[in-house]
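Visitor: What follows is a predicted structure for the sequence shown.
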Amino acid sequence: MVREIWKLGNPKLYEVSAEVTREDAPSLKGWVADLHDTLLDYRKTYGAGRAIAAPQIGIQKRLLYMFTDKPYVFINPRLTFPDQERYVLLDDCMSFPGLLVRVERYRRAELSYLDMEFQAGHMSLEGDLSELLQHEYDHLDGILATMRAVDNQSFFMEKMKR
């Protein structure tokens, strides 16, 4: 089901999400289906969108969904950084369509997570995938890209396809 994506200013977006537990297992497939449907609907509307965090649609759980070459589900993800190399980029977000924010991110990241069967998984990320998962991971901790702006002149409006 396509859910409403919570927008910038909604106080729930600033909350830290709870871990997904085995007791949540009966709800998990439905949550992932809603994340998938909402992501694809956003992509159809705006021509963008590769991943979404559960808190963006009102599920206050540590759950990320990414659809690039195939669907990926990350339950209780953990990010670590193998080095300190960073870069500056313009970041966007489904919670504030049309707004770009200049942020600094790590170039590389290591992602540990559980899959839909609660089996451990790991991904080494670099460049745009590293940035993407850092952005989504921040949502789990109640952090928006606007809070990571490099300075107070790092906000830009883009022309949106609609």
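Guide: That came through fine.
Visitor: contacts, neighbours, all on C-alpha from now
Guide: Will do.
Visitor: Tell me the helices and strands packed up against the lengthiest helix in the chain.
Guide: The longest helix of the chain (DSSP state H) is helix 25-46. If you count contacts as 3 or more C-alpha pairs under 8 Å, 6 or more residues apart in numbering; DSSP states H and E, helix 25-46 packs onto strand 51-53, strand 63-67.
Visitor: and if we set it to 10 Å?
Guide: Using 3 or more C-alpha pairs under 10 Å, 6 or more residues apart in numbering; DSSP states H and E as the contact criterion, the elements in contact with helix 25-46 are strand 51-53, strand 63-67, strand 71-80.
Visitor: Look at Lys161 and report its pLDDT.
Guide: Note for Lys161: predicted pLDDT of 55.
Visitor: before we move on, what about Arg86?
Guide: 97.
Visitor: can I assume Phe155 is in contact with Phe96?
Guide: No. Using C-alpha atoms under 10 Å, Phe155 is not in contact with Phe96; the gap is 11.5 Å.
Visitor: Which residue lies closest in space to the residue at minimal distance from the centre of the chain, excluding its sequence neighbours?
Guide: Nearest to the geometric centre of the chain sits Glu136, at 2.1 Å (C-alpha atoms, centre = their mean). Of all residues not flanking Glu136 in the chain, Ala53 sits nearest, at 5.6 Å (C-alpha to C-alpha, 6 or more residues apart in numbering).
Visitor: Return the set of residues that bridge with that neighbour.
Guide: Listed by DSSP bridges, the beta-bridge partners for Ala53 are Leu64.
Visitor: where do the strands sit along the chain?
Guide: Using DSSP state E, the strands of the chain run over residues 51-53, 63-67, 71-80, 86-91, 99-106, 108-114, 120-126, 155-157.
Visitor: Need these in a markdown table (columns: distance to Val2 and mean neighbour count).
Guide: As requested, the strands of the chain are exported to a markdown table (distance: least, C-alpha to C-alpha, whole Å; neighbours: other C-alpha atoms under 10 Å):
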| stretch | distance to Val2 | mean neighbour count |
| --- | --- | --- |
| strand 51-53 | 13 | 25 |
| strand 63-67 | 14 | 22 |
| strand 71-80 | 17 | 18 |
| strand 86-91 | 24 | 15 |
| strand 99-106 | 22 | 20 |
| strand 108-114 | 24 | 20 |
| strand 120-126 | 27 | 14 |
| strand 155-157 | 26 | 14 |
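Visitor: Make JSON lines from these and add distance to Ala18 to it.
Guide: Formatted as JSON lines, these follow (distance: least, C-alpha to C-alpha, whole Å):
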{"stretch": "strand 51-53", "distance to Ala18": "13"}
{"stretch": "strand 63-67", "distance to Ala18": "9"}
{"stretch": "strand 71-80", "distance to Ala18": "9"}
{"stretch": "strand 86-91", "distance to Ala18": "25"}
{"stretch": "strand 99-106", "distance to Ala18": "24"}
{"stretch": "strand 108-114", "distance to Ala18": "15"}
{"stretch": "strand 120-126", "distance to Ala18": "18"}
{"stretch": "strand 155-157", "distance to Ala18": "30"}
